[in-house]
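[1] Need coordinates for the following:
(one chain, ligands or ions: 1)
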Amino acid sequence: MKDNFSVTSSRPAMILAGVLMLLMTIAAALLLPHANQPVISSNLRPVMITAQALNNSIIAYLILLHFYVKRRPATGLLGTAFAFSALMAMYRLLILPGLLPKPYGITPGSHLSVWLWFARLAGFALLIMLAMLCLARQSKRPLSLHQSGSFLLCCLLLTITLIWLAIQILPPYLPDLGRLISDQGDYHALHSSGLLLVLLLCWTGALASVLLATRLRSAFHCWLALCCYGYVLYLVLIFSSSHRLTVGWYASRFFEQFAATVMLGALLFEVFRLQKRLQNSYSQAYETSIRDSLTGLFSRRHFDNVLDAIRHRPPELARPFTVLMADIDHFKRFNDNFGHVQGDNCLRQVAACITQQLRDGDTLARYGGEEFIAILDGCNEPDAMQIAERIRSAVEQLAIPAASDNPAQRAVVTVSIGLYCQPATALPEEHQLIEHADRALYLAKHRGRNQTCLLPGCTVPAGR
Ligand SMILES: Nc1nc2c(ncn2[C@@H]2O[C@H](COP(=O)(O)OP(=O)(O)OP(=O)(O)O)[C@@H](O)[C@H]2O)c(=O)[nH]1
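    Next comes the predicted model:
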């Protein structure tokens, strides 16, 4: 019973929705005694229906976009419910008196006007119930791309059929509903007709279905339940107001708009959360792509990028830098004696040790195998020698036991280091920089290992 909104934690939303629900109930209870008091104001009906049409269209659009991404049938049906409500509201807007030339405009309280109002609300609630039924029964696997296209087409056909039935087919067969609201906007006959009760049952059913199917597991479901509750209050207030343009009548419209606004807010919040998750995933993927999985150091690709950036910085920012290459001595022997798992541990320890000896602005990467490379930016020859010696001696002091040719001698893991210091000017090609450092490393190995060598040939043997 998972749909695409379930990833959002529901707890804070549940608390906020609960508080809002309480406030809504208190507001409705405070309004009820004044529900029949007339309000002297112009008729805001066109504005309200416009807001209804726009709000519900945007909600339907956002939910259907969600369906397009996650392909969950319940989401598709929920989007259909809001699309149906929006389209019905748009139709009502079109046929408001005065907007289109007679005889198209329908007067408030006429047979068609009452019927369209009823059909929109009942159809909307029933479609939400259908969506919740689908949510309770849908499989964990999302629809395939092809299936989701067909499903969306079915939803579209369902919406068109319902609207066509409501607008064209059913009205002539229905008893005259125009008598339920008098020309003066008296609602007494409507109250006793049972229509309001049917709507109240539909929306209580919609609310119950949301609660049962979702158990308010996600924030979005909390807001959907609150939206249904807003419609229930809307109907309660209509029940309590005896005339159009009374406090109850206006308050009921407010609750209807509020319900839609809550949904809109919830969906926009979902978009924000998705964007945040996308950003986090991107950051994670980027971090993984530039890191070596064994040591956590930067990858060689990232090192190349940093070196490239240093080589191409503007002349006014140019300064000397050093390329440092460090290689664990006799690592093959270490692996052969202690095994690859111990070898990996050794690599991790040496990597961490070298990192500790470097400054924040330096870039250290695993160049491959048991070889490390670093750029010491702004570092001249004396500083580079000092840092390299610090690294060499720190690794030695880790005292990781190493295999030795002479069993009587206690050997520890050591590193050889090659340095190439580049002045701020006359930058060679990138591969040449690395080749120079590699040559220095080769010299360090050749001269007995566990030492630092700086091109063009200055060597600091171990212990100095
Ligand atoms: N455990 C482990 N071993 C690795 C890894 N990558 C490379 N190696 C091993 O590192 C060893 C490198 O050996 P060589 O290139 O011969 O160098 P060396 O034995 O260190 O000798 P010198 O560099 O000349 O001191 C090989 O045995 C590789 O299998 C790794 O990720 N984990």
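[2] Using neighbour counts, pick out the buried residues of the one helix or strand residue 350 maps to.
    Using DSSP states H and E, residue 350 falls within helix 340-357. Along helix 340-357, these residues count as buried under the neighbour rule (16 or more other Cβ atoms under 10 Å): 343, 346-347, 350-351, 353-355, 357. For glycine as for every other residue, the C-beta is placed from the backbone atoms N, C-alpha and C.
[3] again with stretch 321-339
    321-331, 334-335, 338.
[4] For the protein, what lies in contact range of the ligand?
    Selection of the chain residues close to the ligand by Cβ under 6 Å from any ligand atom yields 294, 327-333, 335, 340, 343-344, 347, 369-370, 445, 449.
[5] and with 5 Å instead?
    Residues of the chain lying close to the ligand by Cβ under 5 Å from any ligand atom are 329-332, 335, 340, 343-344, 369-370.
[6] Hmm, residue 384 is touching residue 419, no?
    Yes - using Cβ atoms under 8 Å as the test, residue 384 is close enough to residue 419 to be in contact (5.2 Å).
[7] what's the closest non-adjacent residue to whichever residue of the chain sits closest to the ligand?
    Here the residue of the chain nearest the ligand is residue 343; by Cβ to the nearest ligand atom that distance is 2.5 Å. Of all residues not flanking residue 343 in the chain, residue 335 sits nearest, at 4.2 Å (Cβ to Cβ, 6 or more residues apart in numbering).
[8] doesn't residue 373 fall inside a strand?
    Yes - counting by DSSP: H, G, I helix; E, B strand; the rest coil, residue 373 is part of a strand.
[9] give me the number of residues near residue 393?
    Neighbours of residue 393 under the rule other Cβ atoms under 10 Å: 17.
[10] next one: the one 3 residues further on
    Residue 396 has 17 neighbouring residues, counting by other Cβ under 10 Å.
[11] Could you check the one helix or strand it maps to and say which residues are buried?
    Secondary structure assignment for residue 396, by DSSP H and E: helix 381-398. Buried positions in helix 381-398, judged by neighbour count with 16+ other Cβ under 10 Å: 381, 384-385, 387-389, 391-393, 395-396.
[12] Mind giving me the packing neighbours of that helix?
    Judged by 3 or more Cβ pairs under 8 Å, 6 or more residues apart in numbering; DSSP states H and E, helix 381-398 is in contact with strand 321-328, helix 340-357, strand 371-377, strand 415-422, strand 452-454, strand 458-460.
[13] going on from that helix, what's the next piece of helix or strand?
    Next along the chain after helix 381-398, taking DSSP H and E as the criterion, comes strand 401-402.
[14] What strands flank that next one, and is each parallel or antiparallel?
    As defined by DSSP bridges, the strand partners of strand 401-402 come to strand 411-412 (antiparallel).
[15] phi, psi of the nearest residue to residue 355 once chain neighbours are set aside?
    Distances taken as Cβ to Cβ, 6+ apart put residue 364 closest to residue 355, at 5.8 Å, once the chain neighbours are dropped. The phi/psi pair for residue 364 (degrees, to the nearest 10) reads phi -110, psi 130.
[16] ditto for residue 318
    phi -60, psi 140.
[17] Now for this protein: which helix has the highest residue count?
    helix 247-289 (DSSP state H).
[18] Report all helices and strands that that helix contacts.
    helix 11-31, helix 45-70, helix 219-240.
[19] what's the closest non-adjacent residue to residue 252?
    residue 237 (3.7 Å).
[20] Before I go, just wanted to say thanks for your time.
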